[in-house]
Every structure is written in structure tokens, then in C-alpha cells.
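Chemist: mind folding the following:
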Amino acid sequence: MLQKDGDFDEDVRHIIKAGETKWRQFLASFVTGGCHKS
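Modeler: Below you'll find the predicted structure:
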């Protein structure tokens, strides 16, 4: 039986958290390496 709010919310939360982590890693590498020209 499919729960409307239970498993779906968990999946969405996991996806958002994973995306947030990737985005932070991207921003960190961009800021430290890519955008500053010495």
C-alpha cells in the first residue's frame, strides 16, 4: 500500500539533502579555485 505522505516525503528530503551537499561542494570549489584571478 502506498502512503501519500510517508515514504514520498522521505525520498524528497533525501534528494534535497543530496542536492544541497553537491551544490555546496560545487560552490566551495568554485569560490576557492574558479572565480578568483590572482
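Chemist: now the helices: where do they sit in this protein?
Modeler: 6-29 (DSSP state H).
Chemist: where does pLDDT dip in it?
Modeler: Counting by pLDDT under 70, the chain has low-confidence residues at 1-6, 34-38.
Chemist: let's go with 80 and repeat that
Modeler: Scanning the chain for pLDDT under 80 picks out 1-7, 33-38.
Chemist: what comes up buried for stretch 8-23?
Modeler: Across stretch 8-23, burial judged by 16 or more other C-beta atoms under 10 Å covers no residue at all. To be clear about C-beta, it is placed using only N, CA and C from the backbone, and glycine gets the same treatment.
Chemist: any idea how far it is from the chain center?
Modeler: 6 Å (C-alpha atoms, centre = their mean, to the nearest Å).
Chemist: also stretch 16-27?
Modeler: 3 Å.
Chemist: then stretch 19-36?
Modeler: 12 Å.
Chemist: now it - C-alpha only, CSV.
Modeler: In CSV, the C-alpha atoms belonging to stretch 19-36 read as follows (Å, rounded to 0.1, in the frame of the first residue of the first chain):
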residue,chain,number,x,y,z
GLY,A,19,21.4,18.1,-3.9
GLU,A,20,22.3,20.6,-1.2
THR,A,21,25.5,18.8,-0.5
LYS,A,22,26.5,18.6,-4.1
TRP,A,23,25.7,22.3,-4.5
ARG,A,24,27.8,23.3,-1.5
GLN,A,25,30.7,21.3,-2.8
PHE,A,26,30.4,22.9,-6.2
LEU,A,27,30.2,26.4,-4.7
ALA,A,28,33.2,25.7,-2.4
SER,A,29,35.4,24.5,-5.3
PHE,A,30,34.2,27.4,-7.5
VAL,A,31,34.9,30.0,-4.8
THR,A,32,38.3,28.6,-3.9
GLY,A,33,39.5,27.8,-7.4
GLY,A,34,37.5,29.1,-10.3
CYS,A,35,36.3,32.7,-9.8
HIS,A,36,39.3,34.5,-8.3
